[in-house]
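Chemist: turn this into a model:
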Amino acid sequence: MKHSKILTAAMGFAVAGLISVNAQSAETNSYVVSNGFIFGSLSGAPGDAANGKKVVINRKKGNCLACHEMPIPEQQFHGQTGAPLDGVGDRYTEAELRLRMVDAKQINPDTMMPSFYTTNQHRVLKKFQGKTILSAQEIEDVIAYLKTIK
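Modeler: Residues are numbered from 1 along each chain as shown. Alright, predicted model coming up:
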C-alpha cells in the first residue's frame, strides 16, 4: 500500500512537470461536449497520424508512454499506470477519443490523465497557468494516430 501511494505521488509530480514544460497559448477553439463526445475537429482540419505518433512518443509533448503501454516496441519505458492502448482505435470513436484527450476529467474526475486542451490546469508554474498542454491540431494528430492502433 505504501508503495502505491509513493507511486501515485510520483506520477502526480511527473504530470505536473509535464504540464509546466509544454504549455501552448491560452487561445483555445470552442467545442461542445455532448453525451461524452466532442464531435468535429478542434482545429477544423483532419489529423496527421504520422505527426500524432511523434507527439505521443515525445517526452516533452504528449508523453503518453509515461503512463500507457503502446504497440511501439522501438520506444523504451512504457508506463503501466494508464490503460494499455493496444486496440484503442477499435474501442473508441474519434469523438470519444477527443473528449478523453481534451478533458479526461469529464469522464472520470479522479483520473491522473492530464487534460491536454483545457486552460484550468492545477499545480503548474504561474507562467503556464491558463495555457493548454497540446494545440488543437496536435490533439487531432494524436487522435488520427490512435485510430491506426487496431
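
Chemist: pLDDT below threshold where in this protein?
Modeler: Judged by pLDDT under 70, the chain has its weakly predicted residues at 1-27.

Chemist: redo that, cut-off 80
Modeler: 1-28, 120-128 (pLDDT under 80).

Chemist: can you tell me which residue is nearest the centre of it?
Modeler: By C-alpha atoms, centre = their mean, the chain has its centre lying nearest to residue 101, at 4.5 Å.

Chemist: got a list of what that one touches?
Modeler: 116-117, 134, 139, 142-143 (C-beta atoms under 8 Å, 6 or more residues apart in numbering). Just so you know, the C-beta spots here come from the backbone N, C-alpha and C atoms, and that holds for glycine as well.

Chemist: quick one: which of these is nearest to residue 60?
Modeler: Minimum distance to residue 60 across the contacts of residue 101 is 11.3 Å, recorded for residue 134 (C-beta to C-beta).

Chemist: does that closest one sit in a helix, a strand or a coil?
Modeler: Classification of residue 134 using DSSP: H, G, I helix; E, B strand; the rest coil returns coil.

Chemist: cool, the one 4 residues further on as well?
Modeler: Three-state secondary structure (criterion: three-state DSSP) places residue 138 in helix.

Chemist: what ranges does this structure have for its helices?
Modeler: 2-21, 49-57, 88-91, 94-103, 136-146 (DSSP state H).

Chemist: ok, residue 103 - how many residues close by?
Modeler: 20 (other C-beta atoms under 10 Å).

Chemist: what about it, distance to residue 119?
Modeler: Residue 103 is 10 Å from residue 119, where distance means C-beta to C-beta, to the nearest Å.

Chemist: go on, residue 61?
Modeler: 17 Å.

Chemist: and residue 40, by the same measure?
Modeler: Residue 40 is 20 Å from residue 119, by C-beta to C-beta.

Chemist: noted, bye for now.
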